[in-house]
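Q: got a sequence here, can you build the structure:
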Amino acid sequence: MARSFSIRRQRGFTTIAMICFAALYLPIGVLVFYSFNAGESLASFDGISLRWFQKAFENKQVIDASLRSLQIAAIAAVVSTIAATMAALATTRTAPYRGLTMKYAFINQPLMIPEIVTAVALLIFFARIKIWTGYAGIGYLIAAHTAFCIPFAYLPIRARLENMDLTLEKAAADLYATPWKAFRHVTLPLLWPGILAGFMLAFVISLDDVVITEFVKSAGQDTLPTYMLGQIRRSITPEMNAISTLFLGLSILVVSIFFVVNRKRA
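A: Predicted coordinates:
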């Protein structure tokens, strides 16, 4: 009997996979290792120390940029996830009709357009609004991040909805449940893993964004990635390694929380 095709059985697959993982994670491992360097050189290791982590925590600019990044990412993730959930419900919980594919493409268009194009467009658009209103606050960054994160949140939510059977929702309607009660007690609990995945993906994308933030931000509105980019242009110190390590730890923590919550719900 012929075996089904599996890419893992192909010759050289394991070797190529190991090379790819090494190229991806080895530089990150080196960065984390040198963040504990006691010396000031990035080329030689002079012992283990937490001095650069302490220096990062004492740096007011780092703290301000970090808090601003978390604020923008949290708000953008919440708003984009709500918008993506409504869009996913509107495009999946309906009979197919002409123009539905165009709506899919329209929602996912930011994923296919180069980010620099989106950044320039937002710069021009918000520049006009700044002139008309005189407002130059952080709201532009939140709006820009929200718009950019919507398709990232939309994809896992839509995928979850497409794999959900409509039978339970129809049964709730047959038992005289209103559309809101059917959504709250049936659809939402089943959809929750997709919503959580979309939220976390949007949060990480917003937290990590550089290009759009660099174009849209005003003076004094640096996020942590743009602050690090500015510092690297001047000089590279192990403090940047320490900040990157903390950033990596935060990402790992967020992903770990997602898996723990999903396992408990399962």
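Q: rest of the way, CA atoms for contacts and neighbours
A: Will do.
Q: where do the strands of the stretch 101-250 of the chain begin and end?
A: For the stretch 101-250 of the chain, strands defined by DSSP state E, counting those that start in this stretch do not occur.
Q: give the other helices and strands that the helix or strand hosting Gln71 contacts.
A: Counting by DSSP states H and E, the element that carries Gln71 is helix 60-92. Contacts defined by 3 or more C-alpha pairs under 8 Å, 6 or more residues apart in numbering; DSSP states H and E place helix 60-92 against helix 100-112, helix 139-162, helix 188-208, helix 224-234.
Q: go again using 6 Å as the cut-off
A: On a contact count with 3 or more C-alpha pairs under 6 Å, 6 or more residues apart in numbering; DSSP states H and E, helix 60-92 meets helix 139-162, helix 188-208.
Q: that helix vs helix 139-162, what angle?
A: For helix 60-92 against helix 139-162, the angle by axes from the mean of the first three to the mean of the last three C-alpha atoms, to 10 degrees is 40 degrees.
Q: roughly how far out does helix 60-92 sit from the chain middle?
A: How far helix 60-92 lies from its chain's middle: 9 Å, per C-alpha atoms, centre = their mean, to the nearest Å.
Q: and what of stretch 161-173?
A: 29 Å.
Q: do the same with stretch 244-254
A: The answer for stretch 244-254 is 13 Å, by C-alpha atoms, centre = their mean.
Q: need the residues that contact that stretch.
A: For stretch 244-254, the external contacting residues (C-alpha atoms under 6 Å, 6 or more residues apart in numbering) are Val32.
Q: in that stretch, what counts as buried?
A: Neighbour counts over stretch 244-254 (16 or more other C-alpha atoms under 10 Å) mark 244-247, 251 as buried.
Q: where does the stretch 151-266 of the chain dip in pLDDT?
A: Applying pLDDT under 70 to the stretch 151-266 of the chain picks out residues 262, 264-266.
Q: just to revisit the earlier point, now the helix holding Gln71 against helix 100-112, angle please.
A: Using the same axes, to 10 degrees: helix 60-92 against helix 100-112 is 160 degrees.
Q: tell me which residues in helix 60-92 are buried?
A: Result for helix 60-92 [16+ other C-alpha under 10 Å]: buried residues 61-62, 65-66, 68-85, 87-89, 91.
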